[in-house]
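A.B. asks: please find the sequence and the predicted model below.
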Amino acid sequence: MTDAQSQDRQQWMGILARAEETSLAQLVAGLDDLPEHDFLRRPESGLVMVRGRAGGSGKAFNLGEMTVTRCTVRTEDGTLGHAYVAGRRPDHAARAALTDALLQHKTRRDEIMRRVIVPLEQEETARCETKQAESADTRVDFFTLVRGENE
Amino acid sequence: MTMETELSPGFQEPVHGAQQTFRAVLDALSRPGIPVPLSGIEAAPDPMGPTLAAAALTLLDHETGVYLAPPLDIEAVKRYIAFHTGAPTVSEPADADFVIALADRDMPDILQLKTGCAEYPDQSATVLLGVRDFGSGEKVLLSGPGIAETQEFSPGNLDAGFWTTARQNHARFPLGVDFILCGPESVAGLPRSTSIAV
């Protein structure tokens, strides 16, 4: 797998993971001929330790634990789809894993991108913009008046 | 995009499968030499048998180093173990917490495995050994904890020197390694506490 391919996959897996559960369910339900698939790993939830670095470059520290649901499906031709989503959402993880597997099929990639990933991405962008607009309204600008340094 | 290579499923029901297997292994170690029925994982990669795979997926996790003896040291088995258990593979048998081997093949030297120490005899290796059956091999008499008087035991296709090594292993008690023998449809235990008469 080349870097560019990895990046593409990272991007769509991220979009699938961050998507609203109901939107993903609707979009996947709207797809035609979903392939036969079985679970290599049924959806299971557990905890992962989120680690961070102070200022992005300091020493690694444990930020805290979060719940994650993961799932792996195998379609009839042996393609593996993986998903990791935040929270306890087994159905979301299963749909995201199936979509990841479908996106690896060359013949279906464009269709799935158009019908699932692009709408989810637009939703996400809209969600972000709303949030940013909301927080922008409450922004407070701090500034300091000149305090007579020129005297 | 390159497709990931073939990977087979683990337990159909991970929680129940692991619990049933754990119970079978526990019973097997409590009553050495008596095979305990276990259905195992049919889809296990060759040459791992269903019960060997079930025992591995039940007992291993990310903190247990596993040594795969030939012919199990192949990519398909490594990937299977890594995906389903997260256990790291080690290249030296002496570093392993678990050794997975087939009876008639290149089994590592049992006496070189981790035996634990006097303070922590539990920090020893456990050997999961795939055997052909529990009736066609050399007959030995087992006695010790978990056996009322004696127990006949004759697992198939073991190496000629196996029982000599197993007796040396018992002689080191409370140190030593424990064996879980995995047959086609059952598992049997041979803990270090069991004494063996050939």
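C.D. replies: Arrived safely, thanks for sending.

A.B. asks: around chain B, which positions in chain A sit nearby?
C.D. replies: A:1, A:5, A:9, A:38-42, A:44, A:72, A:74, A:78-80, A:104, A:106 (C-beta under 8 Å from any C-beta of the partner chain). Glycine gets a C-beta too; all of them are placed from N, C-alpha and C.

A.B. asks: filter those residues to the buried ones?
C.D. replies: Among the residues of chain A next to chain B, those scoring as buried are A:9, A:39, A:40, A:41, A:42, A:44, A:72, A:74, A:79, A:80, A:104 (criterion: 16 or more other C-beta atoms under 10 Å in any protein chain shown).

A.B. asks: could you list which of those residues belong to helices?
C.D. replies: In this view, those that belong to helices under DSSP state H are residue A:9.

A.B. asks: can I get the buried ones among the residues of chain A next to chain B in TSV with pLDDT and distance to residue B:54?
C.D. replies: Converted to TSV, these look like this (pLDDT from 0 to 100; distance: C-beta to C-beta, whole Å):
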residue	pLDDT	distance to residue B:54
A:9	93	32
A:39	90	17
A:40	90	16
A:41	90	16
A:42	90	16
A:44	91	18
A:72	94	19
A:74	92	19
A:79	90	26
A:80	92	22
A:104	92	30
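
A.B. asks: residues contacting residue A:8?
C.D. replies: If you count contacts by C-beta atoms under 8 Å, 6 or more residues apart in numbering or on different chains, residue A:8 has none.

A.B. asks: next one: residue B:70
C.D. replies: B:105, B:106.

A.B. asks: do that again at 10 Å, thanks
C.D. replies: Neighbour list for residue B:70: B:101, B:102, B:105, B:106, B:107, B:108 [criterion: C-beta atoms under 10 Å, 6 or more residues apart in numbering or on different chains].

A.B. asks: gap between the last one and chain A?
C.D. replies: Going back to what we said before, that points to residue B:108. Separation of residue B:108 from chain A (C-beta to the nearest C-beta, to the nearest Å): 30 Å.

A.B. asks: what helix or strand does that residue sit in?
C.D. replies: If you go by DSSP states H and E, residue B:108 is not part of any helix or strand.

A.B. asks: check contacts around the nearest residue to it once chain neighbours are set aside.
C.D. replies: Excluding its sequence neighbours, the residue lying closest to residue B:108 (C-beta to C-beta, 6 or more residues apart in numbering or on different chains) is residue B:93, at 3.6 Å. Going by C-beta under 10 Å, 6+ apart, residue B:93 touches B:67, B:69, B:99, B:101, B:107-110, B:112-114, B:125, B:127.
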